[in-house]
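Peer 1: any chance you could fold what I've pasted below:
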Amino acid sequence: MERFLKRHEGRIKGIISGFDRILFKGTFRSVCYSSGLETWLATRKILQKDFAAYATTLTSKIIEKAEQFAKNQNRPYQYISSSKQSKEDVALHIAQQQNIREGLICILSCVEPCKSFRLARLSQKHKHFGMKGIDRKCLHLYFYFLDPTFGLMHVRLQTWFPFTIQICINGWEWLAREMNRRGISYEKRDNCFVHISDFARAQQLMDSFFDRRWFGVLNHFARLANPWFSAKNPLDLQPYYWTIRQCEFSTDVVFKDDASLSSVYPGLLRHAIHQFHCKDVLTFLGRRVRSDFNGEVKSQFNVRVEGTRVKHWVEENSIKMYDKQGCVLRVETTMNNPCRWKAWRRVTRKNKRTMAWIPMRKSIQDMHRRAEVSRAANSRYLDALSVVGDTIPAKRVLDRLAQPIIRNGRSYRPLHLVEPTDAALCQAITQGEFLLHGFRNRDLCPLLYPEADKDPVERRKASQRLSRRIRLLKEHGLVYKVRKSNVYRISRPGLTATAMAYKLRESNLLQEAA
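Peer 2: As a prediction, the model looks like this:
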């Protein structure tokens, strides 16, 4: 990220990173699977054939309590006929119309798909019946609040068994209220800040967002929506188990004005679309490029109301870039499946407690690790864009490399990065995994000399030839060697030179001259 900020420091006002939208999910784990529900029904002496009638009474109680809650707060209870309609737009319209500044805005109900159970035959041979998980539709309740701490947020409750709940909180809404309390002036448009008087203090506040006691916060809102989740716990259910279903972590680069961003954004888009390939996207999201990877990597470009966006997916997770409000460049990592990354946690191995890297959990306990992974992904993405917008003429960079040099009494030939031989070497060292982890001789050999793998003698000759070529890059300042290792990394001048050479080779000169 530092490279990008250094490149555009004259245009940038400040930068801030943090969670945008976080979707928490609460589940009654004791009854969210078939055998657990059967056990729970047996302990309450309820026949499985009576489950539907019993669940209907519980649903009626939830709806009745919601209607009463809205009436006591003098707020509307409204049915939404289409699940595609934006509930947030309806809630914001009600808040503006009734001049609501705090507390409950409204309760909206809508029929939407859900996961539930029904009595079904489990074995055709023995005619065995039991509870079976099914996809169905039921009424969902949306509780919209203007909370004094979290701002605009909502709670979505499934009114049918097993009463799954979702709570959506926006980190930027929380930050705005924290800055109000501490006297930090700002200008907020839509869901981003176009000005903050003290970006450093605002970032410190945003970093403290992870340290909240989320179990208590989420349980508080769950009790407001679900009458069966209370201190007395009339259904004898275990408390909600809270996970993060989806989280968005964004890095906002705030430019001084609209013209500052519009002068560089088209170039950033072109670079992201044409030069970020599958291996690069894997690298941004911290995934190693492995031969056994069989997931899907794809990119998409579209123009939306919020801004022009380019988005890259790696399986369930994604990273995207778009402009907001004319002067904010946002890079955002969306994490739907955290198991693709690992966290350093205490585990039990061979009856001993030890620390190890294991797949990240969906639990809210790994929120700090989610932020760390997402922040690093955004930083790598911006670093990869740091070569765009360079005002240095290509001849100033390439002409210098085209001259022979002498180091320690030894002469080295010129580099011609546009010619096929040197261009292939530069294209190899700028692959995504090498930008992240560096490269060694044996990493480049299969790429540049694939035919040498079949013969040990040819492989040794190819390795020696490649060592001389890497030494040539090093002496010209395009790469440097990591101390006490055999790993090389591309330097900042190397990134600039290789990007220029690639653009010259791929550009249509006749079209450019027309």
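
Peer 1: where does the chain dip in pLDDT?
Peer 2: Scanning the chain for pLDDT under 70 picks out the ranges 124-126, 231-233, 291-292, 305-306, 389-392, 436, 507-514.

Peer 1: select the longest helix from it.
Peer 2: When every helix of the chain is counted residue by residue (DSSP state H), the longest turns out to be helix 51-72.

Peer 1: now for residue 61, how many residues are close by?
Peer 2: Applying other CB atoms under 10 Å, we find 14 residues neighbouring residue 61. Every residue, glycine included, has its C-beta placed from N, CA and C.

Peer 1: that one contacts residue 227, correct?
Peer 2: Yes. With contact defined as CB atoms under 8 Å, residue 61 counts as touching residue 227 (6.2 Å).

Peer 1: before we move on, back to that, CA atoms only for the longest helix of the chain, dumped as PDB, please.
Peer 2: As requested, the backbone C-alpha atoms of helix 51-72 are provided in PDB (Å, rounded to 0.1, in the frame of the first residue of the first chain):
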ATOM      1  CA  PHE A  51     -44.300 -30.800  15.200                       C
ATOM      2  CA  ALA A  52     -45.900 -28.700  12.500                       C
ATOM      3  CA  ALA A  53     -48.800 -27.700  14.800                       C
ATOM      4  CA  TYR A  54     -46.500 -27.000  17.700                       C
ATOM      5  CA  ALA A  55     -44.100 -24.900  15.500                       C
ATOM      6  CA  THR A  56     -47.100 -22.900  14.300                       C
ATOM      7  CA  THR A  57     -48.000 -21.800  17.800                       C
ATOM      8  CA  LEU A  58     -44.400 -20.700  18.400                       C
ATOM      9  CA  THR A  59     -44.400 -18.700  15.100                       C
ATOM     10  CA  SER A  60     -47.700 -17.000  16.000                       C
ATOM     11  CA  LYS A  61     -46.200 -15.900  19.300                       C
ATOM     12  CA  ILE A  62     -43.200 -14.300  17.600                       C
ATOM     13  CA  ILE A  63     -45.400 -12.400  15.100                       C
ATOM     14  CA  GLU A  64     -47.800 -11.300  17.900                       C
ATOM     15  CA  LYS A  65     -44.900 -10.000  20.000                       C
ATOM     16  CA  ALA A  66     -43.400  -8.200  17.000                       C
ATOM     17  CA  GLU A  67     -46.700  -6.400  16.300                       C
ATOM     18  CA  GLN A  68     -47.000  -5.500  19.900                       C
ATOM     19  CA  PHE A  69     -43.400  -4.200  20.000                       C
ATOM     20  CA  ALA A  70     -44.100  -1.900  17.000                       C
ATOM     21  CA  LYS A  71     -47.300  -0.700  18.500                       C
ATOM     22  CA  ASN A  72     -45.700   0.200  21.900                       C
END
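
Peer 1: please point out which parts of that helix sit buried.
Peer 2: For helix 51-72, burial by neighbour count (16 or more other CB atoms under 10 Å) applies to 51, 55, 59, 62, 65-66, 69-70.

Peer 1: repeat for stretch 239-252
Peer 2: By neighbour count on 16+ other CB under 10 Å, the buried set for stretch 239-252 is 240, 242-244, 246-252.

Peer 1: and which of the residues you listed is nearest to residue 401?
Peer 2: Relative to residue 401, the closest of the buried residues of stretch 239-252 is residue 251; by CB to CB it sits at 33.1 Å.

Peer 1: got the contact list for that closest one?
Peer 2: Applying CB atoms under 8 Å, 6 or more residues apart in numbering, one finds that residue 251 lies in contact with 1, 15-17, 330-332, 375, 378-379, 382.

Peer 1: residue 340 too?
Peer 2: Listed by CB under 8 Å, 6+ apart, the contact set of residue 340 reads 285, 287, 314-317, 359-360.

Peer 1: just residue 207 next, same as before
Peer 2: Taking CB under 8 Å, 6+ apart as the definition of contact, the neighbours of residue 207 are residue 18.

Peer 1: tell me the SS of it?
Peer 2: Going by DSSP: H, G, I helix; E, B strand; the rest coil, the secondary structure assigned to residue 207 is helix.

Peer 1: okay, how far is it across stretch 119-130, tip to tip?
Peer 2: Distance between the boundary residues of stretch 119-130 (CA to CA, to the nearest Å) amounts to 5 Å.

Peer 1: in that stretch, which residues are buried?
Peer 2: For stretch 119-130, the neighbour count (16+ other CB under 10 Å) marks no residue as buried.

Peer 1: quick one, domains of this protein?
Peer 2: Domain ranges of the chain: 1-23+184-209+244-389, 394-513, per automatic domain parsing.

Peer 1: out of those domains, which is the most enclosed?
Peer 2: Mean neighbour counts were taken over these using mean count of other CB atoms under 10 Å, and the top value, a mean of 17, falls to domain 1-23+184-209+244-389.

Peer 1: now that one: how far from the chain's centre is it?
Peer 2: Put simply, domain 1-23+184-209+244-389 sits 6 Å off its chain's centre (CA atoms, centre = their mean, to the nearest Å).

Peer 1: give me the neighbour count for residue 211.
Peer 2: The number of residues packed near residue 211 is 9, by other CB under 10 Å.

Peer 1: how close does it sit to residue 217?
Peer 2: As for residue 211, its distance to residue 217 is 12 Å (criterion: CB to CB, to the nearest Å).

Peer 1: likewise residue 147?
Peer 2: Taking CB to CB as the measure, residue 147 and residue 217 are separated by 10 Å.

Peer 1: what does residue 140 give?
Peer 2: Note on residue 140: its distance to residue 217, by CB to CB, is 21 Å.

Peer 1: of the two, which one has the most company?
Peer 2: The residue with more neighbours, out of residue 140 and residue 217, is residue 140; 23 against 18, by other CB under 10 Å.

Peer 1: quick check: bridge partners of the more buried one?
Peer 2: With DSSP bridges as the criterion, residue 140 is bridged to residue 110, residue 158.
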